[in-house]
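Chemist: this one's structure only:
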């Protein structure tokens, strides 16, 4: 970097301290933003943790048929009597899936009884048949069955809400990226490295926010949102850390006499 280029390391001590405080606030904001994403999107698909389906549901909408329904409809297990198959399908498509699982009133027609009679020889944890499927998809208890018994439908975010969110985030995030990029370019770190970091940060933000709307056309764009959003946050954080490192450097030697 030419000595004439303004560098943060050359600022007076008070200015350095102020800029460092503001950078720490921005880093804290990034951490809070990541926490908000986790809390806001997780469990939309009724499964613990943050999954791709959570994001797909928010931006594109999700309809997932219960795995147990899919298996029964494709004829699995083949030896299951058709009457029992229809009983299980009617139960899974009804609105009393939890209540009727082991209902005493249903007797031998209770889903728990049918599953025990026809499924557990493969889907028990210690089953000797099924090539170990019982360890990955056990069906011994209700806590096992409920993981594969429910269909999920998540409505995507309404267009009006997405417009409002785009309005708020496009202006604020782009402004923050501009400030972070300007600060990073005022460091004495390798200029080409910093320039690429700033360029990729801007591209990631464009891809992230553009993906919000493209995902309404196809869920194939949802992974782009996740990847671009993560890249934007990561690059912004790295550039901010670089700015902090610059503020810790001593001022450059004066260029008097040149």
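Modeler: Nice, I can see it. The structure presented is a predicted model; accordingly, all values stated were derived computationally and were not measured.

Chemist: Is residue 80 in contact with residue 117, as I believe?
Modeler: No. Counting by CB atoms under 8 Å, residue 80 does not reach residue 117; the two are 9.2 Å apart. Bear in mind the C-beta positions are built from the backbone N, C-alpha and C, glycine included.

Chemist: And those two? Which one has more around it.
Modeler: Neighbour count, other CB atoms under 10 Å: between residue 80 and residue 117, residue 80 has more, with 17 against 13.

Chemist: ranges for the strands of the stretch 101-250 of the chain?
Modeler: 152-154 (DSSP state E, counting those that start in this stretch).

Chemist: all helices for it, in order.
Modeler: All helices of the stretch 101-250 of the chain, identified by DSSP state H, counting those that start in this stretch, fall at 111-118, 120-123, 133-136, 142-149, 159-184, 191-214, 222-247.

Chemist: Just want the angle from the fifth one to helix 222-247.
Modeler: Spelled out, it's helix 159-184. Per axes from the mean of the first three to the mean of the last three CA atoms, to 10 degrees, the angle that helix 159-184 makes with helix 222-247 is 30 degrees.

Chemist: tell me which residues in helix 159-184 are buried?
Modeler: 162, 173, 177, 180-181, 183-184 (16 or more other CB atoms under 10 Å).

Chemist: May I see those residues arranged in CSV, with pLDDT as well?
Modeler: Shown next, in CSV, are these (pLDDT from 0 to 100):
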residue, pLDDT
162, 94
173, 96
177, 97
180, 97
181, 97
183, 96
184, 96
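
Chemist: Going by distance to residue 69, which of those residues wins?
Modeler: Distance to residue 69 across the buried residues of helix 159-184 (CB to CB) is lowest for residue 162, with 31.3 Å.

Chemist: quick one: that closest one from residue 142, how far?
Modeler: Residue 162 is 38 Å from residue 142, where distance means CB to CB, to the nearest Å.

Chemist: which stretch among the helices of the stretch 101-250 of the chain comes nearest residue 55?
Modeler: Checked against CB to CB, the stretch from the helices of the stretch 101-250 of the chain lying closest is helix 222-247, at 5.3 Å.

Chemist: For that closest one, list every residue counted as buried.
Modeler: Within helix 222-247, the residues that count as buried by 16+ other CB under 10 Å are 222, 224-226, 228-229, 231-233, 235-237, 239-240, 242-244, 246-247.
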